[in-house]
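Novice: For reference, the sequence and a predicted model appear below.
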Amino acid sequence: MDQKQVDYKVSFRKVRYPRLEFRTKELLVVLPPGYDPDFVLSKHKRWILRKSQFIKECLKDSAGKEICNRAVGDFKSLVFSCIERISKELGVEVNKVMFRKMRTKWASCSSRKNLTFNTLMKHLPEKLIEYVVFHEATHLIERGHKERFWNIISKYFDNHDELEKELFTYWFLIQEVKSLGGA
């Protein structure tokens, strides 16, 4: 892969399989010791270029957006309010709700029906917070991102593709503000 096309770093770690990560604007190629980075990069070149273009679009979209400065208490109240309403709509039961800073995702759902939300979500617009809560509550019905999962999401959010892209846009915007000493 031509480095001029996509900036990347290679990290050799004690992992079993190679993986590609776009946690920030830069590609991280995580490889087991002795793996050839050029082989992995050429094998996944189309995916890398597609993902890189997507990130460029998100960065461009982030230019006109501002992050919310919602208080943590207000954010938690909003999440609990969404959970109460959405769990009734979906007919699901949440065991426990937790909040913590997460480095790579907005939220998660455990097999024990616990939902964990990234405290950085407090900077998102309310519609995106509601979408993330709904997304995680849907995992109480369908664990993976299979067709059934997206069918449920589509019934409530026919624009889920746009919302997913907007979440990436805000992710990069929040990361940028954090790097400047905010958030």
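Specialist: Received, thanks.
Novice: Could I get the full set of strands for the protein?
Specialist: Counting by DSSP state E, one finds strands in the chain at the ranges 8-12, 19-21, 27-31, 96-100, 107-109, 114-118.
Novice: Just put the ones you listed in CSV and tack on distance to residue 176.
Specialist: Any C-beta I mention is one placed from the backbone N, CA and C, and that applies to glycine too. Output for those, formatted as CSV (distance: least, CB to CB, whole Å):
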stretch, distance to residue 176
strand 8-12, 19
strand 19-21, 18
strand 27-31, 18
strand 96-100, 21
strand 107-109, 21
strand 114-118, 16
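Novice: Figure out which of these is closest to residue 161.
Specialist: Among these, strand 107-109 comes nearest to residue 161, with 18.3 Å by CB to CB.
Novice: mind listing what the closest one pairs with, with the direction of each?
Specialist: Within its sheet, strand 107-109 is paired with strand 114-118 (antiparallel), according to DSSP bridges.
Novice: List of residues touching the strand it pairs with?
Specialist: The contact list for strand 114-118, computed with CB atoms under 8 Å, 6 or more residues apart in numbering, reads 79, 83, 94-102, 105-110, 132-133, 136-137.
Novice: Now do the contacts for residue 168.
Specialist: Applying CB under 8 Å, 6+ apart, we find residue 168 in contact with 54, 55, 58.
Novice: Generate a ChimeraX selection restricted to the buried subset of the contacts of strand 114-118.
Specialist: Listed next is the ChimeraX selection for buried residues among the contacts of strand 114-118, using 16 or more other CB atoms under 10 Å:
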select :79,83,94,99,106,107,108,109,132,133,136,137
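Novice: can you map out the helices along the chain?
Specialist: Assigned by DSSP state H, the helices in the chain fall at 37-43, 45-62, 72-90, 126-138, 147-156, 160-179.
Novice: and among these, the most buried is which?
Specialist: Mean neighbour counts were taken over the helices of the chain using mean count of other CB atoms under 10 Å, and the top value, a mean of 21, falls to helix 126-138.
Novice: so what does that one touch, helix or strand wise?
Specialist: Helix 126-138 sits against helix 72-90, strand 107-109, strand 114-118, helix 147-156, helix 160-179, with contacts defined as 3 or more CB pairs under 8 Å, 6 or more residues apart in numbering; DSSP states H and E.
Novice: Now tabulate the helices of the chain in TSV and tack on mean pLDDT and distance to residue 23.
Specialist: Shown next, in TSV, are the helices of the chain (pLDDT from 0 to 100; distance: least, CB to CB, whole Å):
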stretch	mean pLDDT	distance to residue 23
helix 37-43	93	17
helix 45-62	89	11
helix 72-90	97	23
helix 126-138	98	18
helix 147-156	97	23
helix 160-179	88	9
